[in-house]
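# need coordinates for the below:
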Amino acid sequence: MEQSDTLDIESLKITQEQFILASQSLHLQRPGSDAVYSVGLYGWRKRGLYFFLLLLLVTMIVNLALTVWIIKVMNFSVDGMGNLQLNKDGVRLEGISEFLLPVYVNEIQSRRDSLLFFRSEKNVTLNARNNQGQLTGQLTVVFSSSSACSSPSAGPEAVEAQCQRLEVRSRDGGRLLFTADEEEVIMTTEKFTITGTEGAVFGHSVETPLIQARASEDLKLESPTRTLTIEAPRGVEVSAAKGPLKVSSRKDLQLESTEGEILLDANTIQLVTLPVGIYTASPSQASQEQAIYEVCVCPSGKIYLSPAESSSTCQVMSNICLWS
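Alright, predicted model coming up:
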């Protein structure tokens, strides 16, 4: 018994020594030693965290104050923002509205009791585009900067419209009044009135069934440097119901009818300053002696006077026709 007890004690000693050696090799602490671990933030880390929380709180307060200020200034409400109201039909603006960038809308309409104004310090342009974004029509009000410098209330310089076809309709939109395209300009109104002091200037031909002046004004057709031609497929009628009719020309005045006659219907027809077909040294002396003349026409169409006698003297005094 004593020998076995001695062997057990020895084996226990050996086991304890092996455990101590193994724990030392693994750098393990003994169960009896007291280890202290610090948990939390201390020093500059703690001060930095508190400063960050304080800065976040200040930012939230400033952000909340700015939000409240913006809501008060812009007058936000359930219906909209200030003068801007959101309705089922669209957007409604009250008062003067200013846009800094292009505005894309389907329809712009004013109130029934007010007008609609478009104002800009520069040009005002309205564009119409198709589904592919291509420009199909453009209306531009060109602003003149030179006129604005001379007068603050100066109006626009020009209004330009770029489109394939320009139409002007009546108030109800059913009747077409004016049409313009690349080929022609058509006016379907009953009367076209020009009130300018200088009248109207046409660079090319004008086709119209009637040219008439006002009741208290004169009608004047003139071409200062070129030929004035009036023609019609069936006939041309020139009449002055309550006044004289005057036709003057610097060179030749030609009245021509291809298949009809030329009718001069008046109580008195005066042809002044016609040449006298007579061989005299002094035509004035002959005109004083002769009181009655007859009107003669040359084959070329030239008209002259011949002294009236018992028979016609046109053939005798045909020197005018020979010289013409």
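# pLDDT below threshold where in this structure?
Low-confidence segments of the chain (pLDDT under 70): 1-40, 144-156, 278-290, 315-319, 323-324.
# what strands flank the longest strand seen in it, and is each parallel or antiparallel?
Longest strand in the chain by number of residues, with DSSP state E as the criterion: strand 135-142. Strand 135-142 pairs in its sheet with strand 124-129 (antiparallel), strand 158-162 (antiparallel), by DSSP bridges.
# can I get those in CSV with mean neighbour count and distance to E182?
(Each C-beta comes from the backbone N, C-alpha and C, glycine too.) Output for these, formatted as CSV (neighbours: other C-beta atoms under 10 Å; distance: least, C-beta to C-beta, whole Å):
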stretch, mean neighbour count, distance to E182
strand 124-129, 12, 18
strand 158-162, 11, 12
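# could those strands go into TSV alongside distance to I262?
Output for these, formatted as TSV (distance: least, C-beta to C-beta, whole Å):
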stretch	distance to I262
strand 124-129	54
strand 158-162	45
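# out of those, which is closest to R234?
Relative to R234, the nearest member of those by C-beta to C-beta is strand 158-162, separated by 36.9 Å.
# quick one: name whatever helix or strand follows the closest one.
strand 166-169 (DSSP states H and E).
# where along the stretch 1-150 of the chain do the strands fall?
Assigned by DSSP state E, counting those that start in this stretch, the strands in the stretch 1-150 of the chain fall at 80-81, 84-86, 91-93, 124-129, 135-142.
# helices of the protein, start to end?
2-25, 44-73, 145-150, 283-289, 319-323 (DSSP state H).
# any chance you could map the strands in the stretch 201-324 of the chain?
All strands of the stretch 201-324 of the chain, identified by DSSP E, counting those that start in this stretch, fall at 293-297, 303-307.
# looking at the ones you listed, which is nearest to L210?
Going by C-beta to C-beta, the one of those nearest L210 is strand 303-307, 30.5 Å.
# who are the packing partners of the closest one?
Applying 3 or more C-beta pairs under 8 Å, 6 or more residues apart in numbering; DSSP states H and E, one finds that strand 303-307 makes contact with strand 293-297.
# partner strands of the strand it packs on and their direction?
Sheet pairing of strand 293-297 (DSSP bridges) gives strand 303-307 (antiparallel).
# list the buried ones in the strand it pairs with?
For strand 303-307, the neighbour count (16 or more other C-beta atoms under 10 Å) marks 304-307 as buried.
# sorry, back to before: to Q164, which of the strands of the stretch 201-324 of the chain lies closest?
Closest to Q164 of these is strand 303-307 (C-beta to C-beta; 53.9 Å).
# could I have that closest one exported to PDB, CA atoms only?
Output of strand 303-307 as PDB, limited to C-alpha atoms (Å, rounded to 0.1, in the frame of the first residue of the first chain):
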ATOM      1  CA  ILE A 303     -55.300 111.500-132.400                       C
ATOM      2  CA  TYR A 304     -55.000 115.000-133.800                       C
ATOM      3  CA  LEU A 305     -57.200 118.000-134.700                       C
ATOM      4  CA  SER A 306     -58.200 119.100-138.200                       C
ATOM      5  CA  PRO A 307     -60.100 122.300-139.100                       C
END
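# how far off centre is that strand?
Relative to its chain's centre, strand 303-307 lies at 63 Å (C-alpha atoms, centre = their mean, to the nearest Å).
# what do you get for stretch 225-242?
The chain centroid and the centroid of stretch 225-242 are separated by 38 Å under C-alpha atoms, centre = their mean.
# reformat the strands of the stretch 1-150 of the chain as TSV; add distance to V201.
What follows is the strands of the stretch 1-150 of the chain, written out as TSV (distance: least, C-beta to C-beta, whole Å):
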stretch	distance to V201
strand 80-81	53
strand 84-86	49
strand 91-93	44
strand 124-129	29
strand 135-142	22
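# out of those strands, which comes closest to K246?
strand 135-142 (42.5 Å).
# quick revisit: tell me which of the strands of the stretch 201-324 of the chain lies nearest to N83.
Across the strands of the stretch 201-324 of the chain, closest to N83 is strand 303-307 (C-beta to C-beta), at 79.7 Å.
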